[in-house]
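Student: My questions concern the predicted model and sequence given below.
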Amino acid sequence: MTILGYCLLVVALAMCNPSSAKVHKIGLQYTPSVRMRMYQEGKLEQYVQEKATRAHKLAAQMDSSSTPVIDYDDMAYMAQITLGTPPQSFVVFLDSGSANLWVPDIACAEGQSNTCGTYCKQTQYQTCLTFCQESCCKPPGAISDTANGCTAKHRFNQSLSSTYVKQSDSFTMSYQTGEVSGFLGKDTFCLYNTSLCATGQVFGQVTLMGQGFDKQPEDGMIGLGWPALALDTITPPMFNLLSQGELDQPYFVVYMRHLGPHADNNGGQLTVGGLDTEHCSSDFDMIPLTSRTYWQFKMSSVSAGSYSSAPSAGWQAISSTGSTFIGGPKAILDNIAKQVNAVWLDSLGSYFVECSGNDPDVVFGINGKSYTVTQINYKISSGVGLCMFGFFPTTAGGFSPSWTLGPPLIREYCQIHDMQNGAIGMAKAISA
(Lines give C-alpha, C1' and ligand atoms only; values in the text may rest on other atoms or scores of the structure.)
Protein backbone atom coordinates (compact mmCIF):
# COMPACT_ATOMS: atom_id res chain seq x y z
CA MET A 1 0.00 0.00 0.00
CA THR A 2 1.33 3.44 -0.89
CA ILE A 3 1.46 6.49 1.36
CA LEU A 4 -1.46 8.08 -0.51
CA GLY A 5 -3.52 4.89 -0.40
CA TYR A 6 -3.18 4.56 3.34
CA CYS A 7 -3.96 8.20 3.96
CA LEU A 8 -7.16 7.96 1.87
CA LEU A 9 -8.31 5.01 3.94
CA VAL A 10 -7.68 6.28 7.44
CA VAL A 11 -7.46 10.05 7.55
CA ALA A 12 -8.88 13.06 5.82
CA LEU A 13 -7.31 13.85 2.48
CA ALA A 14 -6.13 17.22 3.73
CA MET A 15 -3.94 15.53 6.30
CA CYS A 16 -2.11 13.66 3.54
CA ASN A 17 -1.18 16.71 1.51
CA PRO A 18 2.63 16.80 1.66
CA SER A 19 2.64 20.56 1.05
CA SER A 20 0.70 21.25 4.27
CA ALA A 21 2.16 18.59 6.55
CA LYS A 22 4.35 19.65 9.45
CA VAL A 23 6.88 16.84 9.65
CA HIS A 24 9.52 17.06 12.37
CA LYS A 25 12.73 15.04 12.31
CA ILE A 26 15.42 14.45 14.90
CA GLY A 27 18.49 12.29 14.61
CA LEU A 28 19.07 9.21 16.74
CA GLN A 29 22.30 8.34 18.52
CA TYR A 30 23.52 4.77 18.86
CA THR A 31 25.54 3.27 21.69
CA PRO A 32 26.53 -0.39 22.17
CA SER A 33 24.23 -2.09 24.67
CA VAL A 34 25.39 -3.11 28.13
CA ARG A 35 25.43 -6.75 27.01
CA MET A 36 27.66 -5.90 24.04
CA ARG A 37 30.03 -3.80 26.13
CA MET A 38 30.42 -6.62 28.64
CA TYR A 39 31.29 -9.02 25.81
CA GLN A 40 33.78 -6.57 24.32
CA GLU A 41 35.49 -6.23 27.70
CA GLY A 42 35.55 -9.98 28.43
CA LYS A 43 33.17 -9.60 31.40
CA LEU A 44 29.97 -11.08 30.00
CA GLU A 45 30.06 -14.40 31.87
CA GLN A 46 30.48 -12.71 35.24
CA TYR A 47 27.86 -10.14 34.34
CA VAL A 48 25.31 -12.80 33.35
CA GLN A 49 25.81 -14.57 36.67
CA GLU A 50 25.35 -11.39 38.67
CA LYS A 51 22.33 -10.35 36.62
CA ALA A 52 20.65 -13.70 37.33
CA THR A 53 21.29 -13.24 41.04
CA ARG A 54 19.82 -9.73 40.99
CA ALA A 55 16.79 -10.88 39.00
CA HIS A 56 16.12 -13.64 41.53
CA LYS A 57 16.31 -11.18 44.42
CA LEU A 58 14.03 -8.71 42.65
CA ALA A 59 11.48 -11.44 41.91
CA ALA A 60 11.46 -12.45 45.57
CA GLN A 61 10.76 -8.86 46.61
CA MET A 62 7.89 -8.29 44.18
CA ASP A 63 4.23 -9.15 44.68
CA SER A 64 1.42 -9.46 42.16
CA SER A 65 0.75 -5.71 42.24
CA SER A 66 4.36 -4.68 41.60
CA THR A 67 5.41 -2.82 38.47
CA PRO A 68 7.28 -5.15 36.08
CA VAL A 69 11.06 -4.90 36.13
CA ILE A 70 12.39 -3.48 32.86
CA ASP A 71 15.51 -5.03 31.36
CA TYR A 72 17.72 -2.02 30.65
CA ASP A 73 20.66 -4.05 29.32
CA ASP A 74 19.78 -3.99 25.63
CA MET A 75 18.74 -0.38 25.05
CA ALA A 76 20.89 1.25 22.40
CA TYR A 77 19.14 4.09 20.50
CA MET A 78 18.77 7.59 21.94
CA ALA A 79 17.29 10.97 20.98
CA GLN A 80 17.52 14.50 22.33
CA ILE A 81 14.61 16.37 23.92
CA THR A 82 14.10 19.53 25.95
CA LEU A 83 12.02 20.36 29.01
CA GLY A 84 11.11 23.74 30.45
CA THR A 85 11.22 27.42 29.46
CA PRO A 86 13.90 28.25 28.48
CA PRO A 87 14.60 24.70 27.27
CA GLN A 88 16.91 22.34 29.17
CA SER A 89 18.33 19.54 26.98
CA PHE A 90 18.46 15.80 27.73
CA VAL A 91 19.50 12.66 25.87
CA VAL A 92 16.95 9.88 26.43
CA PHE A 93 16.63 6.24 25.42
CA LEU A 94 13.70 5.45 23.11
CA ASP A 95 11.58 2.69 24.65
CA SER A 96 8.35 1.59 22.99
CA GLY A 97 7.97 -0.98 25.79
CA SER A 98 7.16 1.70 28.37
CA ALA A 99 5.17 4.93 28.34
CA ASN A 100 6.70 7.37 30.85
CA LEU A 101 9.25 10.15 30.49
CA TRP A 102 11.83 10.70 33.22
CA VAL A 103 15.06 12.66 33.63
CA PRO A 104 17.38 13.31 36.59
CA ASP A 105 16.44 16.16 38.91
CA ILE A 106 18.96 18.70 40.17
CA ALA A 107 18.40 17.36 43.72
CA CYS A 108 19.89 14.04 42.69
CA ALA A 109 23.31 15.62 42.22
CA GLU A 110 23.13 17.94 45.20
CA GLY A 111 23.11 15.02 47.60
CA GLN A 112 19.50 15.10 48.78
CA SER A 113 19.26 11.39 47.81
CA ASN A 114 22.75 9.98 48.18
CA THR A 115 23.51 6.29 47.80
CA CYS A 116 25.81 4.00 45.90
CA GLY A 117 22.84 1.68 45.35
CA THR A 118 22.42 -2.01 46.06
CA TYR A 119 23.58 -2.88 42.55
CA CYS A 120 27.10 -1.62 43.25
CA LYS A 121 27.18 -3.09 46.73
CA GLN A 122 26.29 -6.57 45.45
CA THR A 123 28.42 -6.56 42.29
CA GLN A 124 31.95 -7.91 41.97
CA TYR A 125 34.69 -5.32 41.82
CA GLN A 126 35.57 -5.48 38.09
CA THR A 127 31.95 -5.29 36.94
CA CYS A 128 31.28 -2.53 39.46
CA LEU A 129 34.05 -0.43 37.92
CA THR A 130 32.30 -0.60 34.55
CA PHE A 131 28.99 0.80 35.79
CA CYS A 132 29.63 2.56 39.09
CA GLN A 133 31.78 5.32 40.48
CA GLU A 134 35.13 3.99 41.67
CA SER A 135 34.39 5.21 45.18
CA CYS A 136 31.51 2.72 45.34
CA CYS A 137 33.57 -0.25 44.15
CA LYS A 138 35.20 -1.39 47.36
CA PRO A 139 34.93 -4.47 49.60
CA PRO A 140 31.77 -4.71 51.76
CA GLY A 141 31.96 -2.36 54.71
CA ALA A 142 34.12 0.16 52.88
CA ILE A 143 31.59 1.41 50.31
CA SER A 144 31.00 5.13 50.16
CA ASP A 145 27.42 6.39 50.22
CA THR A 146 28.26 9.84 48.90
CA ALA A 147 27.43 9.48 45.22
CA ASN A 148 24.75 8.10 42.93
CA GLY A 149 23.97 7.43 39.28
CA CYS A 150 22.91 11.04 38.59
CA THR A 151 26.39 12.46 39.04
CA ALA A 152 27.44 12.59 35.37
CA LYS A 153 23.97 13.37 33.96
CA HIS A 154 22.25 16.48 32.74
CA ARG A 155 19.80 17.38 35.49
CA PHE A 156 16.52 19.27 35.37
CA ASN A 157 16.41 22.48 37.41
CA GLN A 158 12.80 23.50 37.95
CA SER A 159 13.79 26.88 39.40
CA LEU A 160 15.09 27.90 35.97
CA SER A 161 11.80 27.21 34.17
CA SER A 162 8.99 29.77 34.05
CA THR A 163 6.45 27.15 32.92
CA TYR A 164 7.11 24.47 35.55
CA VAL A 165 4.33 23.14 37.81
CA LYS A 166 5.17 20.66 40.56
CA GLN A 167 2.89 17.64 41.00
CA SER A 168 2.13 15.92 44.30
CA ASP A 169 2.79 12.30 43.32
CA SER A 170 5.98 10.28 43.68
CA PHE A 171 7.08 7.48 41.35
CA THR A 172 9.42 4.48 41.21
CA MET A 173 10.51 2.39 38.24
CA SER A 174 12.53 -0.82 38.52
CA TYR A 175 15.29 -1.90 36.16
CA GLN A 176 17.71 -4.81 36.23
CA THR A 177 20.49 -2.36 37.09
CA GLY A 178 18.54 -0.75 39.92
CA GLU A 179 15.65 1.59 40.62
CA VAL A 180 14.94 5.18 39.72
CA SER A 181 12.60 7.12 41.97
CA GLY A 182 11.55 10.68 42.60
CA PHE A 183 8.53 12.91 42.07
CA LEU A 184 6.41 14.15 39.19
CA GLY A 185 6.51 17.56 37.56
CA LYS A 186 4.74 19.24 34.66
CA ASP A 187 6.37 21.43 32.02
CA THR A 188 6.78 22.08 28.31
CA PHE A 189 8.25 19.17 26.34
CA CYS A 190 9.90 19.63 22.93
CA LEU A 191 11.82 17.59 20.43
CA TYR A 192 15.31 19.07 20.34
CA ASN A 193 15.97 21.77 17.76
CA THR A 194 12.39 21.71 16.45
CA SER A 195 9.24 23.77 17.01
CA LEU A 196 7.30 20.65 18.01
CA CYS A 197 6.27 21.02 21.65
CA ALA A 198 3.60 19.83 24.07
CA THR A 199 2.65 22.01 27.02
CA GLY A 200 1.88 20.55 30.43
CA GLN A 201 3.78 17.30 29.93
CA VAL A 202 3.95 15.29 33.16
CA PHE A 203 7.34 13.65 33.66
CA GLY A 204 9.40 12.01 36.36
CA GLN A 205 12.11 13.97 38.17
CA VAL A 206 14.56 11.39 39.47
CA THR A 207 16.11 12.11 42.85
CA LEU A 208 17.48 8.62 43.42
CA MET A 209 19.15 6.70 40.60
CA GLY A 210 20.91 3.36 41.05
CA GLN A 211 24.64 3.38 40.43
CA GLY A 212 24.16 0.99 37.51
CA PHE A 213 23.08 4.03 35.46
CA ASP A 214 26.14 6.14 36.22
CA LYS A 215 28.34 5.29 33.22
CA GLN A 216 25.51 4.95 30.71
CA PRO A 217 25.49 7.75 28.11
CA GLU A 218 21.82 8.68 28.43
CA ASP A 219 20.21 11.04 30.92
CA GLY A 220 16.79 9.43 31.05
CA MET A 221 14.06 7.58 29.20
CA ILE A 222 11.16 8.43 26.90
CA GLY A 223 8.39 5.85 26.69
CA LEU A 224 6.74 5.50 23.28
CA GLY A 225 4.05 3.05 24.40
CA TRP A 226 0.31 3.68 24.73
CA PRO A 227 -1.23 5.64 27.63
CA ALA A 228 -2.64 2.44 29.17
CA LEU A 229 0.95 1.33 29.77
CA ALA A 230 1.95 4.49 31.65
CA LEU A 231 2.36 4.78 35.40
CA ASP A 232 -0.23 6.97 37.15
CA THR A 233 -2.31 7.30 33.93
CA ILE A 234 0.12 9.91 32.61
CA THR A 235 -0.28 10.80 28.93
CA PRO A 236 2.97 9.93 27.11
CA PRO A 237 4.71 12.72 25.17
CA MET A 238 3.82 11.51 21.66
CA PHE A 239 0.15 11.19 22.57
CA ASN A 240 0.22 14.64 24.19
CA LEU A 241 1.54 16.10 20.94
CA LEU A 242 -1.34 14.43 19.10
CA SER A 243 -4.07 15.47 21.56
CA GLN A 244 -2.86 19.09 21.57
CA GLY A 245 -3.20 19.29 17.78
CA GLU A 246 0.51 19.64 17.11
CA LEU A 247 0.62 16.82 14.53
CA ASP A 248 -0.84 17.01 11.03
CA GLN A 249 -0.67 13.23 10.78
CA PRO A 250 -0.99 10.84 13.74
CA TYR A 251 2.30 9.04 13.15
CA PHE A 252 5.77 8.76 14.51
CA VAL A 253 8.29 6.76 12.52
CA VAL A 254 11.48 5.11 13.74
CA TYR A 255 14.30 4.47 11.28
CA MET A 256 17.45 2.77 12.61
CA ARG A 257 20.71 2.57 10.70
CA HIS A 258 22.79 -0.60 10.55
CA LEU A 259 25.86 0.16 12.66
CA GLY A 260 28.97 -1.55 13.91
CA PRO A 261 30.25 -2.20 17.42
CA HIS A 262 31.00 1.42 18.32
CA ALA A 263 28.92 4.44 19.31
CA ASP A 264 27.66 6.62 16.45
CA ASN A 265 25.88 9.97 16.57
CA ASN A 266 24.21 9.19 13.23
CA GLY A 267 22.13 6.24 14.41
CA GLY A 268 18.93 6.88 12.48
CA GLN A 269 15.95 9.20 12.63
CA LEU A 270 12.73 9.79 14.56
CA THR A 271 10.07 11.41 12.38
CA VAL A 272 7.00 12.84 14.12
CA GLY A 273 3.79 14.12 12.52
CA GLY A 274 4.28 12.47 9.15
CA LEU A 275 6.07 9.77 7.19
CA ASP A 276 9.80 9.36 6.59
CA THR A 277 10.07 9.50 2.80
CA GLU A 278 13.85 9.84 2.89
CA HIS A 279 14.71 6.53 4.54
CA CYS A 280 11.57 4.41 4.18
CA SER A 281 9.73 2.90 1.22
CA SER A 282 6.33 4.32 0.26
CA ASP A 283 4.99 0.77 -0.14
CA PHE A 284 3.95 -0.67 3.21
CA ASP A 285 1.16 -2.47 5.04
CA MET A 286 -0.51 -1.28 8.21
CA ILE A 287 -0.90 -4.05 10.79
CA PRO A 288 -3.82 -3.74 13.24
CA LEU A 289 -2.86 -3.84 16.90
CA THR A 290 -4.29 -6.51 19.18
CA SER A 291 -3.60 -4.42 22.29
CA ARG A 292 -3.21 -0.68 22.80
CA THR A 293 -0.59 -0.99 25.51
CA TYR A 294 2.56 -2.10 23.73
CA TRP A 295 2.71 -1.84 19.95
CA GLN A 296 1.38 -5.39 19.86
CA PHE A 297 0.04 -7.48 16.98
CA LYS A 298 -0.43 -11.06 15.82
CA MET A 299 2.48 -12.93 14.21
CA SER A 300 1.61 -16.08 12.27
CA SER A 301 4.92 -17.75 11.41
CA VAL A 302 8.70 -17.72 11.51
CA SER A 303 11.16 -19.59 9.31
CA ALA A 304 14.85 -19.91 8.49
CA GLY A 305 16.41 -22.30 5.99
CA SER A 306 14.52 -25.61 6.12
CA TYR A 307 12.88 -24.84 9.48
CA SER A 308 9.43 -23.29 9.85
CA SER A 309 6.97 -22.84 12.69
CA ALA A 310 3.38 -21.67 12.18
CA PRO A 311 1.02 -22.63 15.02
CA SER A 312 -2.68 -22.30 14.27
CA ALA A 313 -3.17 -19.63 16.93
CA GLY A 314 -0.03 -17.74 15.99
CA TRP A 315 1.74 -15.63 18.60
CA GLN A 316 1.47 -12.17 20.08
CA ALA A 317 4.42 -9.96 19.14
CA ILE A 318 5.51 -6.40 19.89
CA SER A 319 7.69 -3.90 18.08
CA SER A 320 10.41 -2.81 20.51
CA THR A 321 12.79 0.11 20.08
CA GLY A 322 14.14 -0.58 23.57
CA SER A 323 15.77 -3.90 22.70
CA THR A 324 19.00 -4.71 20.91
CA PHE A 325 17.88 -8.15 19.73
CA ILE A 326 14.75 -10.10 18.77
CA GLY A 327 13.18 -12.15 21.55
CA GLY A 328 11.21 -15.37 21.12
CA PRO A 329 10.53 -18.83 22.61
CA LYS A 330 13.84 -20.62 23.18
CA ALA A 331 12.75 -23.92 21.62
CA ILE A 332 12.02 -22.10 18.36
CA LEU A 333 15.15 -19.97 18.56
CA ASP A 334 17.29 -23.09 19.04
CA ASN A 335 15.93 -24.45 15.75
CA ILE A 336 16.51 -21.16 13.95
CA ALA A 337 20.02 -21.01 15.40
CA LYS A 338 20.83 -24.42 13.90
CA GLN A 339 19.86 -23.15 10.46
CA VAL A 340 22.27 -20.22 10.68
CA ASN A 341 25.01 -22.18 12.49
CA ALA A 342 24.65 -20.23 15.73
CA VAL A 343 25.19 -21.81 19.15
CA TRP A 344 23.84 -20.97 22.60
CA LEU A 345 26.47 -20.44 25.29
CA ASP A 346 24.72 -20.78 28.61
CA SER A 347 27.57 -19.21 30.57
CA LEU A 348 27.28 -16.05 28.45
CA GLY A 349 23.49 -16.05 28.19
CA SER A 350 23.61 -15.45 24.44
CA TYR A 351 23.75 -17.05 21.01
CA PHE A 352 26.96 -16.69 18.99
CA VAL A 353 27.69 -17.15 15.29
CA GLU A 354 30.60 -16.77 12.88
CA CYS A 355 30.63 -13.26 11.48
CA SER A 356 31.51 -14.51 7.98
CA GLY A 357 29.56 -17.01 5.91
CA ASN A 358 26.40 -16.92 3.86
CA ASP A 359 23.61 -17.94 6.21
CA PRO A 360 19.86 -17.95 5.46
CA ASP A 361 17.43 -15.16 6.18
CA VAL A 362 15.02 -15.29 9.10
CA VAL A 363 11.48 -14.62 7.85
CA PHE A 364 8.50 -13.51 9.95
CA GLY A 365 4.90 -13.90 8.77
CA ILE A 366 2.75 -10.96 9.89
CA ASN A 367 -0.70 -9.97 8.63
CA GLY A 368 -0.35 -12.05 5.45
CA LYS A 369 3.07 -10.69 4.48
CA SER A 370 6.65 -11.86 4.92
CA TYR A 371 9.23 -9.69 6.67
CA THR A 372 12.84 -10.74 6.19
CA VAL A 373 15.82 -10.19 8.49
CA THR A 374 19.11 -10.74 6.67
CA GLN A 375 22.40 -11.77 8.21
CA ILE A 376 23.82 -8.25 8.03
CA ASN A 377 21.25 -7.33 10.69
CA TYR A 378 21.05 -10.51 12.78
CA LYS A 379 24.82 -10.93 13.10
CA ILE A 380 25.84 -8.31 15.64
CA SER A 381 29.53 -7.51 15.47
CA SER A 382 31.33 -6.81 18.73
CA GLY A 383 34.64 -5.99 17.10
CA VAL A 384 36.21 -8.96 18.93
CA GLY A 385 35.82 -12.71 18.32
CA LEU A 386 32.47 -14.13 17.23
CA CYS A 387 29.38 -12.15 16.35
CA MET A 388 26.37 -12.26 18.61
CA PHE A 389 23.30 -13.82 16.99
CA GLY A 390 20.66 -11.12 17.40
CA PHE A 391 18.05 -13.21 19.20
CA PHE A 392 17.34 -13.87 22.87
CA PRO A 393 14.96 -16.30 24.61
CA THR A 394 11.81 -14.94 26.23
CA THR A 395 9.67 -16.48 28.95
CA ALA A 396 6.25 -15.05 28.11
CA GLY A 397 3.31 -16.22 30.16
CA GLY A 398 -0.40 -15.53 30.32
CA PHE A 399 -1.27 -12.70 27.94
CA SER A 400 2.30 -11.45 27.58
CA PRO A 401 3.69 -11.27 24.04
CA SER A 402 5.83 -14.23 22.95
CA TRP A 403 7.97 -12.26 20.50
CA THR A 404 9.84 -8.97 20.90
CA LEU A 405 10.84 -7.63 17.49
CA GLY A 406 13.76 -5.28 18.08
CA PRO A 407 16.42 -3.53 15.97
CA PRO A 408 17.48 -6.49 13.77
CA LEU A 409 13.98 -6.20 12.25
CA ILE A 410 13.64 -2.43 12.69
CA ARG A 411 16.87 -1.83 10.74
CA GLU A 412 15.26 -3.76 7.87
CA TYR A 413 11.84 -2.09 8.18
CA CYS A 414 10.99 1.41 9.42
CA GLN A 415 8.32 1.25 12.12
CA ILE A 416 5.33 3.52 11.42
CA HIS A 417 3.32 4.02 14.61
CA ASP A 418 -0.28 5.14 14.01
CA MET A 419 -1.59 6.63 17.25
CA GLN A 420 -5.04 7.42 15.86
CA ASN A 421 -6.04 4.11 14.31
CA GLY A 422 -4.18 1.64 16.50
CA ALA A 423 -1.91 0.18 13.85
CA ILE A 424 1.76 -0.21 13.03
CA GLY A 425 3.34 -0.18 9.58
CA MET A 426 6.57 -1.76 8.41
CA ALA A 427 8.20 -0.02 5.44
CA LYS A 428 11.40 -1.35 3.91
CA ALA A 429 14.35 0.84 4.83
CA ILE A 430 15.80 2.34 1.65
CA SER A 431 18.75 4.29 3.06
CA ALA A 432 21.46 2.98 5.38
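Tutor: Looks like it arrived, so ask away.

Student: Now the residue nearest to Ser323 when sequence neighbours are not counted. Its backbone dihedrals?
Tutor: With Cβ to Cβ, 6 or more residues apart in numbering as the criterion, Ser323 has its nearest non-adjacent residue at 3.2 Å, and that residue is Gly406. In this view, the C-beta of every residue, glycine as well, is placed from N, C-alpha and C. As for Gly406, its main-chain torsions (degrees, to the nearest 10) stand at phi -100, psi -160.

Student: repeat for Ser347
Tutor: Residue torsions, per degrees, to the nearest 10, at Ser347 are phi -70, psi -20.

Student: tally of neighbours for it?
Tutor: For Ser347, the tally of surrounding residues (other Cβ atoms under 10 Å) stands at 10.

Student: give me the low-pLDDT residue ranges for the stretch 201-350 of the chain?
Tutor: Low-confidence segments of the stretch 201-350 of the chain, defined by pLDDT under 70: 211-212, 215, 259-264.

Student: Show me the strands in it, by range?
Tutor: Secondary structure of the stretch 201-350 of the chain (DSSP state E, counting those that start in this stretch): strands at 220-223, 251-256, 264-272, 280-288, 291-292, 295-299, 301-304, 307-309, 315-319, 326-329, 343-345, 350-353.

Student: Run through the residues that contact Glu412.
Tutor: The neighbourhood of Glu412, defined by Cβ atoms under 8 Å, 6 or more residues apart in numbering, consists of Tyr371, Thr372, Val373, Thr374, Asn377, Lys428, Ala429.

Student: Make JSON lines out of the residues you listed and add pLDDT and distance to Pro86.
Tutor: Output for the contacts of Glu412, formatted as JSON lines (pLDDT from 0 to 100; distance: Cβ to Cβ, whole Å):
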{"residue": "Tyr371", "pLDDT": "98", "distance to Pro86": "43"}
{"residue": "Thr372", "pLDDT": "98", "distance to Pro86": "46"}
{"residue": "Val373", "pLDDT": "98", "distance to Pro86": "43"}
{"residue": "Thr374", "pLDDT": "97", "distance to Pro86": "45"}
{"residue": "Asn377", "pLDDT": "94", "distance to Pro86": "40"}
{"residue": "Lys428", "pLDDT": "97", "distance to Pro86": "40"}
{"residue": "Ala429", "pLDDT": "96", "distance to Pro86": "36"}
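
Student: Could you pull out the buried residues of stretch 346-362?
Tutor: For stretch 346-362, the neighbour count (16 or more other Cβ atoms under 10 Å) marks Leu348, Gly349, Ser350, Tyr351, Phe352, Val353, Asp359, Pro360, Asp361, Val362 as buried.

Student: so how far is it off the chain centroid?
Tutor: Centroid displacement of stretch 346-362 relative to its chain, using Cα atoms, centre = their mean, to the nearest Å, is 22 Å.

Student: re earlier: for Ala337, find the nearest of the strands of the stretch 201-350 of the chain.
Tutor: When the strands of the stretch 201-350 of the chain are ranked by distance to Ala337, counting by Cβ to Cβ, first place goes to strand 350-353 at 5.4 Å.

Student: Touching that closest one from outside, list them.
Tutor: Contact partners of strand 350-353, identified using Cβ under 8 Å, 6+ apart, comprise 35, 39, 44, 333, 337, 340-345, 359, 379, 386-389, 391-392.

Student: and the residue nearest to Ser323, how many neighbours?
Tutor: The tally of other residues near Gly406 (other Cβ under 10 Å) stands at 28.

Student: Give me the pLDDT for Thr194.
Tutor: Looking at Thr194, its pLDDT is 93.

Student: quick one: what helix or strand has it in it?
Tutor: According to DSSP states H and E, Thr194 maps onto no helix or strand at all.

Student: does it really touch Lys22, like I thought?
Tutor: No. Assessed by Cβ atoms under 8 Å, Thr194 is found out of contact with Lys22, at 9.6 Å.

Student: I'd like to know the beta-bridge partner residues of the closest residue to Phe203 other than its chain neighbours.
Tutor: Ranked by Cβ to Cβ, 6+ apart and with sequence neighbours excluded, the top spatial neighbour of Phe203 is Leu101, at 4.3 Å. With DSSP bridges applied, the residues forming beta bridges to Leu101 are Ile222.

Student: Now that Leu101 has come up, it's in contact with Ala198, right?
Tutor: No. Because the distance of 10.4 Å does not satisfy Cβ under 8 Å, Leu101 is recorded as not touching Ala198.

Student: Mind jotting down where the helices sit in the stretch 151-300 of the chain?
Tutor: Assigned by DSSP state H, counting those that start in this stretch, the helices in the stretch 151-300 of the chain fall at 237-243.
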